[in-house]
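[1] Quick one: sequence and predicted model below, then my questions.
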Amino acid sequence: MIHCKKNTRFDEICRVILLFFVLICNSTRGYLWAQSDITISQSAYIPSLLNPGSAGRTGTYQAVGAFKKQWVGIKGAPQTSFLGINGEVAFLKSFHGVGAIVTHDKVGALTTMNIAADYSYHIELDKGLLGLGLRVGVLNTAFKPSELSTAPGGLEDDYHQQTDPLLQGSDESATAVDVGLGAFYQSSLCYLGLSFLHLNAPKMEMNSGACIKRRPLMNIAAGRKLREDASLGIEARTNFMTDFSSTEIDVSLLANLKSKLAVGVGYRLQDAVFFQVGANLSSTFFVGYDYDLCVTDFSSQNSGGHEIILTYTFSVDIERRTKRYKSVRIL
């Protein structure tokens, strides 16, 4: 089956994207509960981390793994793991993206796990591909007071006591349904993604009566090729995240050398400078490494952060789109 190009006018495309944006904004109104989300400096390589609309964007199947250890040298510092798989399928004379993700984030005695399924409806435009996506999953938070140090070094004082009654409870956890939406556009020169995660502001109520609430998160990701030839390609990228109380912004520049090796540098506002290197080990296997250098007053207390990602791209013998818009993330 040949997937024909749709003759969609530009003004109609804008109306669809605008309506999608307005519906999402209305659904987040009134939720102002604070909760942090994971940070991956190399998220441009794995847009499915934050945007379900990116599922199946390359037309092939892709399996991704990532691990980050932040603030090395600090006990209980954040550690994040991510596993995901997504691909494109043909159904009822149209193309769709499907995928699944698992994230695991640990900060001190608090652990959060998210397991979700992604779906994306693909709309082929004159110069690119637009994916409108839905994410549905479960969010689990576990608290282990047994891992906390109530009196460091065994030394008690007015503020640290071995028998602190607030930290003598048993380990507990709670689970809630989690929903997100996303739109992701890509062409041969650029990409633009908009997503809202935790739209239903999930609440996880512990047996002890404590309630952990996850705030809705908005993410905007964009990138553009500034130069592209056989020997050197240069890409500019930016990522914006906010839970409507705190905001995270980073910008980066990446150089692709003969489509084999990538080196880059970036800055996350009021947090870190990060350095990246990646390599295509084969036509299907990519590995990337990132080092975050903390630039805040906290820098003297840690030796930075380390992050590694692995991607494996493969094909499945199904009907496939005849026209492709290669993502600028793929070297």
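    Thanks, I have the structure now.

[2] The stretch 1-150 of the chain: strands as residue ranges?
    With strands called from DSSP state E, counting those that start in this stretch, the stretch 1-150 of the chain shows them at 61-69, 79-91, 94-107, 110-124, 128-143.

[3] between the first one and strand 79-91, how big is the angle?
    Strand 61-69 and strand 79-91 meet at an angle of 170 degrees, taking axes from the mean of the first three to the mean of the last three C-alpha atoms, to 10 degrees as the criterion.

[4] buried sites along strand 61-69?
    Tyr61, Gln62, Val64, Gly65, Ala66, Phe67, Lys68, Lys69 (16 or more other C-beta atoms under 10 Å). (C-beta placed from N, C-alpha, C; glycine too.)

[5] go on, the fourth one?
    Along strand 110-124, these residues count as buried under the neighbour rule (16+ other C-beta under 10 Å): 110-116, 118-124.

[6] Equivalent analysis for stretch 93-109, please.
    Along stretch 93-109, these residues count as buried under the neighbour rule (16+ other C-beta under 10 Å): Phe95, His96, Gly97, Val98, Gly99, Ala100, Ile101, Thr103, His104, Asp105, Lys106, Ala109.

[7] With distance to Asn140 and pLDDT as added columns, please give those in TSV.
    Putting the buried residues of stretch 93-109 into TSV (distance: C-beta to C-beta, whole Å; pLDDT from 0 to 100) gives the following:
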residue	distance to Asn140	pLDDT
Phe95	33	93
His96	28	95
Gly97	25	95
Val98	23	97
Gly99	20	97
Ala100	16	97
Ile101	14	97
Thr103	11	95
His104	10	95
Asp105	11	93
Lys106	12	92
Ala109	15	83
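
[8] Take those residues and lay them out in a markdown table including distance to Val138.
    A markdown table is the format used below for these (distance: C-beta to C-beta, whole Å):
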| residue | distance to Val138 |
| --- | --- |
| Phe95 | 28 |
| His96 | 22 |
| Gly97 | 21 |
| Val98 | 18 |
| Gly99 | 16 |
| Ala100 | 12 |
| Ile101 | 12 |
| Thr103 | 12 |
| His104 | 13 |
| Asp105 | 15 |
| Lys106 | 18 |
| Ala109 | 21 |
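
[9] and which of the buried residues of strand 61-69 is nearest to Ala230?
    Gln62 (24.6 Å; C-beta to C-beta).

[10] quick one, what contacts the closest one?
    If a contact means C-beta atoms under 8 Å, 6 or more residues apart in numbering, then Gln62 has Ile85, Asn86, Gly87, Thr311, Tyr312, Thr313, Phe314 as its contacts.

[11] what about 10 Å?
    Counting by C-beta atoms under 10 Å, 6 or more residues apart in numbering, Gln62 makes contact with 46, 48, 55-56, 84-87, 99, 284, 286, 311-314, 330.

[12] now do Leu257
    Under the criterion of C-beta under 10 Å, 6+ apart, the contact list for Leu257 reads Ser231, Leu232, Gly233, Val263, Ala279, Leu331.
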